[in-house]
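Participant: pasting the sequence and the predicted coordinates here, then a few questions.
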There are 4 protein chains.
Amino acid sequence: MKVALFGAGRIGKVHAASIQSDPRSELVAVMDAVPGAAEALAAHYGIAATSAEAIFADAEIDAILIASSTNTHADLLQAGAAAGKAIFCEKPIDLDLARAREVMSVTNGHDKPVMMGFNRRFDPNFASLKAALDGGEIGKGELLAVTSYDPAPPPVEYIKVSGGLYRDMMIHDFDMCAHLFGMPTSVMAHGACLVDPAIGEAGDIDTAVVTLTYADGRLATIRNSRRATFGYDQRVEVLGSGGMLAAENVRENTIVKATDAGVVSAKPVHFFLERYMRAYEIEWAGFVDAVVAGKPVPASVQDGVNALALAEAANMSLAEGRPVEITAALTWA
Amino acid sequence: MKVALFGAGRIGKVHAASIQSDPRSELVAVMDAVPGAAEALAAHYGIAATSAEAIFADAEIDAILIASSTNTHADLLQAGAAAGKAIFCEKPIDLDLARAREVMSVTNGHDKPVMMGFNRRFDPNFASLKAALDGGEIGKGELLAVTSYDPAPPPVEYIKVSGGLYRDMMIHDFDMCAHLFGMPTSVMAHGACLVDPAIGEAGDIDTAVVTLTYADGRLATIRNSRRATFGYDQRVEVLGSGGMLAAENVRENTIVKATDAGVVSAKPVHFFLERYMRAYEIEWAGFVDAVVAGKPVPASVQDGVNALALAEAANMSLAEGRPVEITAALTWA
Amino acid sequence: MKVALFGAGRIGKVHAASIQSDPRSELVAVMDAVPGAAEALAAHYGIAATSAEAIFADAEIDAILIASSTNTHADLLQAGAAAGKAIFCEKPIDLDLARAREVMSVTNGHDKPVMMGFNRRFDPNFASLKAALDGGEIGKGELLAVTSYDPAPPPVEYIKVSGGLYRDMMIHDFDMCAHLFGMPTSVMAHGACLVDPAIGEAGDIDTAVVTLTYADGRLATIRNSRRATFGYDQRVEVLGSGGMLAAENVRENTIVKATDAGVVSAKPVHFFLERYMRAYEIEWAGFVDAVVAGKPVPASVQDGVNALALAEAANMSLAEGRPVEITAALTWA
Amino acid sequence: MKVALFGAGRIGKVHAASIQSDPRSELVAVMDAVPGAAEALAAHYGIAATSAEAIFADAEIDAILIASSTNTHADLLQAGAAAGKAIFCEKPIDLDLARAREVMSVTNGHDKPVMMGFNRRFDPNFASLKAALDGGEIGKGELLAVTSYDPAPPPVEYIKVSGGLYRDMMIHDFDMCAHLFGMPTSVMAHGACLVDPAIGEAGDIDTAVVTLTYADGRLATIRNSRRATFGYDQRVEVLGSGGMLAAENVRENTIVKATDAGVVSAKPVHFFLERYMRAYEIEWAGFVDAVVAGKPVPASVQDGVNALALAEAANMSLAEGRPVEITAALTWA
């Protein structure tokens, strides 16, 4: 399976490595809007830097991987579908829900796999938790709590174009809730700017709590902060009718040091690429499975629209200070 | 310091033991509405079972401890104040906020210590967490998460007279939030009946999430369930500007067993009296400190009114599906 | 059951409290060689300080508890047996194995319970481990590892009269091995003075490793140090044919603090009285069970001789640099 | 740097992947005595299966990696040195100490790096522990405890040619002790056959405890078992003058499941290749650093001789039932 990569930045490089490490896929072309970026990555793999046009025109290319900036995703998804390519696209589809639904109406008619890169679904820990939950090991899930704290906020320049905390950061957690519990019926969002006033001046929040309610009474809560001085804190906990499941943090190492100052263990791994490196590999293998073995994609465009709909509802809830209902109209084109 | 006890039930017995184990206090009388109950406990300590009237009339009695049923608390508080006694009263003051404020207007004019029995404040683990937070060990607290799951629901007959989950169970967690973060400005409550339909038929919920927002942007969430098959789950976690503090569960023992079935640790202690036994002793010592050494009471009638106001706001929020503001008018007489 | 206490020092006070907290036993007399010590403790309980002669002559006294200095144990055991008392004696019987066996030949003919105070057997954690091991939860035990590190060495003056590390400190661990695995067939001891040269000058060691071998091939190792700056480290681990059991340390509290300096948990409790407070109560209840209900004593004089024999073998092994066999002749009078 | 690989079995494949994943090294040839094995691995990498003679004759080949069966190591080390190659050799040099010393006398005169594959030194956890110990974080190390339990014994056919537990399995732990504490002055070995009688019939043991003593009084203990039903148990713990360091097991995942059966965590990873996968990569990078950047090899032939000398001493100690001294004559050619 021959793959062309859009985007040669940090996450593009991670995906390039995954493509090459899976014996069934091969990176054959790379494109990036930043001059020189594609060339550098292409040189590393002994392949060609090229243009979007050339990629879409090349019948040898089976699949495209979209890891370019967010504002290019929707166009590339549509163009890729028009060109008959299988498509793997980093989240989100777009910052605008209506635009995302428009894309979905196109990809729904596409006969090749289209997959969204919700990497956390593929983390072996969260995947184990889901398997245990789905396997009934704690009975029926009732109360879900997702905790995601970043070590430090991104630059304010990034915040300004990010679409805001709910669409940029919590979207992963919305997807995790949807992945574990399905789509909720309402969203209640709270948020504040506590970490950096410049984030507030940019119109965003950096600390947030969201509660999701489900038709059958189940509840989910999400906690986000842009600052956790001890590392990248990524946990999921589910209370069920027969017990509780928790996915704890991955630590830097297994060392425990006991001195008169206390008993010190290692911190959570600090960097999202380190935390989710294995997830990126498994994620890619899932896409290859869909393309070469006809398996269903493990994260669909619908999943991308769903997460975006929850983020949009959260924005509305925060603005209006009330719970916002999730209706089918929001999530279906 | 001579103490009379109202209520010779389960919690009354715990307090009787605390009174006797503190060398500064002595149990001299006990009263209970259930025939024989006071007599049995009195016999155990070689003292007299007596009547409320006799207790209030006895000038030798310095303090009363109210551990009788909830519907007697308000009257006993008022009568105790009128009789000039120092008063320790189990939570809540009353199920009705207006009645509680009425009691407070009386006790505010009383010149002896009046203390509410919010036992969790005195748990050595939660107390350590508060000391570390107040000591600035994680900078400024920003996001508080309180988890309280009971092993199993009480009988439905109890549920019916309990005042509902927010006033009966979550009131401890409201107090914990107020203890750690102060009074919030709004309460948003979610809840469902997932554990036992009979609880829903009695008009109550058994699973709940509440979010508190603070004037300065801080946030607190509380999760409650009436069922945790693995034990009594009582945790507090605070994210701050400089790190995170968590008070984990107390386990039954320190044994770890590794077999091909996994690595098994002991469960949280199952019973609230076992979990908080040490807290009850420390709590009582705090009251004695107030009476004999003039120290401030570590949990005041105002604290009791505050927790009740939060519970009442939660009930309103759940009923109306919207955040409810906490105003000074709610909490001050 | 009326009890007289020999020894009003630190450990005597602990036992006095246990005697009083068990409703079946009552402290009626106390004796101590240090002027004033018995009087102070007696006053606290409103009883009489008295003499050994008076205690042995008092037919009302059912049992004696020997918590006086080690060099008085053997004589008091013999005198107590002669006076027809049930006897609880702190370890060791004596520092001299021959003398201990002599005492045993006397107490073997005594018709009242005689129990040795090996407190660690009664620690709820170690007791749970033993129950799980005996219950076959990890198959057959094969490899036992006992770790005992004291926070800091005792004064050198104490070291000089202590009988040496093996008889003073590791004797608890010898008993734990005998309790869990029975009596070994050989002892190989290693030791060094690493903590304080003054201990070496006093002819003792402060760091030690001992390996016990059993007739059926099982192995046990003991690690001791007189210094663990992080607290009182008391662990037991058993590998069995079907898994592993470990009794971990008891921590000061359940707080976990995560900052950029790491994830810090509480230290093991620092003081042996805090660590084993509950064990002392359970231990006493075991003795009362033996006296009033005719149950077997949970730690016998034979157990005391056994532990002492292992310590003596360790001293010989260290001196001669070779494994020392444990023969029946060593442990039987 | 062009590398030829001897041995295309399980461990050879792991090394082949490390060679290819380091951008500075390239696998160019592979040789194996088993017909077809070299061809299969060579085909996977698009290179040539070849003979030992061809490898030694090829001046383009900079380095050889010896991952063939133990009985070929010594000859290949000598031949590699004679051919002027840099050499990476799996442990052990040989099962015979005299032969290993003979090899060392040859490689000592060789001017290219020669490195022994003691993979555990490169495990990030053990490496962190060593860094903390060497950095004085717990003062001076005093008491070292190494625990290594395999999930299950190898086939008895392997046991028969393995050189015995001390040379085959505990050799890693001897190296870890030497790595952390240096060479001891004496070895006392205990061992038994508890897991499988067939191992005993083959003249070997499957359960062992060894104690090492050091000139300055430090002590080290090693525990080995060929059976740990819960997984691959690999721990190191050091007590020092200022605290304690422990490297705990790597777990399969971070899931914690709490039910009425207890609180279950994941087991240690089961397979040594999974446990030490990262170590193999880092180990290889250390060899490349030595070859291309002139850094010292992080595990030398002397280290290989040292570990073998300790194993030989352990065999003698077990046979004769006494501590065996380690003299310079044992470890130096």
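Facilitator: Okay, I see it. Numbering: from 1, shown residues only, chains lettered A, B, ... in the order given.

Participant: phi and psi next, for the closest residue to A:Asp123 other than its chain neighbours.
Facilitator: Nearest non-adjacent residue to A:Asp123, counting by Cβ to Cβ, 6 or more residues apart in numbering or on different chains: A:Ala279, 4.3 Å away. Glycine gets a C-beta too; all of them are placed from N, C-alpha and C. Backbone torsions for A:Ala279, taken as degrees, to the nearest 10, come to phi -60, psi -40.

Participant: which parts of the stretch 201-333 of chain A sit against chain B?
Facilitator: A:207-209, A:211, A:213, A:217-219, A:221, A:223, A:225, A:227-230, A:233, A:239, A:241-244, A:321-323 (Cβ under 8 Å from any Cβ of the partner chain).

Participant: of those, buried ones?
Facilitator: The neighbour count (16 or more other Cβ atoms under 10 Å in any protein chain shown) marks A:207-209, A:211, A:213, A:217-219, A:221, A:223, A:225, A:227-230, A:233, A:239, A:242-244, A:323 as buried among those.

Participant: ok, which of those also contact chain C?
Facilitator: A:228-230, A:233.

Participant: in chain A, where is pLDDT below threshold?
Facilitator: A:333 (pLDDT under 70).

Participant: domain map for it?
Facilitator: A:2-119, A:121-280+A:304-331 (automatic domain parsing).

Participant: need those domains in TSV (columns: distance to C:Lys13).
Facilitator: Formatted as TSV, these follow (distance: least, Cβ to Cβ, whole Å):
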stretch	distance to C:Lys13
domain A:2-119	61
domain A:121-280+A:304-331	27
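
Participant: quick one: closest of the ones you listed to B:Glu274.
Facilitator: Comparing these by their distance to B:Glu274 (Cβ to Cβ), the top pick is domain A:121-280+A:304-331, with 19.6 Å.

Participant: next, A:Val103: phi, psi?
Facilitator: Dihedral angles (degrees, to the nearest 10) for A:Val103: phi -60, psi -40.

Participant: touching, it and A:Ile93? I think so.
Facilitator: Yes - counting by Cβ atoms under 8 Å, A:Val103 does reach A:Ile93; the two are 5.4 Å apart.

Participant: so what sits against both of these two?
Facilitator: Jointly contacting A:Val103 and A:Ile93 under the rule Cβ atoms under 8 Å, 6 or more residues apart in numbering or on different chains are A:74, A:77, A:301.

Participant: ok, which stretches of the stretch 1-150 of chain A are strands?
Facilitator: Secondary structure of the stretch 1-150 of chain A (DSSP state E, counting those that start in this stretch): strands at A:2-6, A:26-31, A:48-49, A:63-66, A:86-90, A:114-117, A:141-149.

Participant: need the residue closest to the centroid of chain A.
Facilitator: Nearest residue to the geometric centre of chain A (Cα atoms, centre = their mean): A:Phe118, 3.4 Å.

Participant: tell me if I'm right that that one and A:Cys177 touch.
Facilitator: No - if you go by Cβ under 8 Å, A:Phe118 and A:Cys177 don't touch, sitting 11.6 Å apart.

Participant: quick check: A:Gly191 touching A:Leu318?
Facilitator: Yes - under the criterion of Cβ under 8 Å, A:Gly191 makes contact with A:Leu318 at 5.3 Å.

Participant: quickly list what's touching both of these two.
Facilitator: What both A:Gly191 and A:Leu318 touch, as defined by Cβ under 8 Å, 6+ apart, is the set A:166, A:205.

Participant: so what's the residue of the stretch 1-150 of chain A found nearest chain C bridging to?
Facilitator: Ranked by Cβ to the nearest Cβ, the top residue of the stretch 1-150 of chain A for proximity to chain C is A:Tyr149, at 10.0 Å. When assigned by DSSP bridges, A:Tyr149 has beta-bridge partners A:Ser225, A:Asp233.

Participant: can you tell me how far it sits from B:Leu239?
Facilitator: 7 Å (Cβ to Cβ, to the nearest Å).

Participant: if we can go back for a sec, the buried ones among the residues of the stretch 201-333 of chain A next to chain B in strands, which ones?
Facilitator: Counting by DSSP state E, the part of these found in strands is A:207-209, A:211, A:213, A:219, A:221, A:223, A:225, A:233, A:239, A:243-244.

Participant: okay, the residues you listed in a markdown table with distance to D:Val14 next?
Facilitator: Converted to a markdown table, those look like this (distance: Cβ to Cβ, whole Å):
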| residue | distance to D:Val14 |
| --- | --- |
| A:Thr207 | 45 |
| A:Ala208 | 45 |
| A:Val209 | 46 |
| A:Thr211 | 48 |
| A:Thr213 | 50 |
| A:Leu219 | 47 |
| A:Thr221 | 44 |
| A:Arg223 | 41 |
| A:Ser225 | 41 |
| A:Asp233 | 33 |
| A:Leu239 | 42 |
| A:Gly243 | 38 |
| A:Met244 | 38 |
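
Participant: which one of the shared contacts of A:Val103 and A:Ile93 sits closest to chain D?
Facilitator: A:Val301 (29.3 Å).

Participant: touching, the closest one and A:Glu102? I think so.
Facilitator: No - counting by Cβ under 8 Å, A:Val301 does not reach A:Glu102; the two are 11.1 Å apart.

Participant: these two: which is more packed in?
Facilitator: Taking A:Val301 and A:Glu102 together and counting by other Cβ atoms under 10 Å in any protein chain shown, A:Val301 has the greater number of neighbours (26 against 15).

Participant: what sits against the residue of the stretch 101-250 of chain A found nearest chain D?
Facilitator: Nearest to chain D, among the residues of the stretch 101-250 of chain A, is A:Gly243, at 3.5 Å (Cβ to the nearest Cβ). Neighbour list for A:Gly243: A:137-139, B:228-230, D:257-260 [criterion: Cβ under 8 Å, 6+ apart].

Participant: what does A:Leu273 give?
Facilitator: Contacts of A:Leu273 (Cβ under 8 Å, 6+ apart): A:10, A:14, A:280.

Participant: I appreciate the help and will end here.
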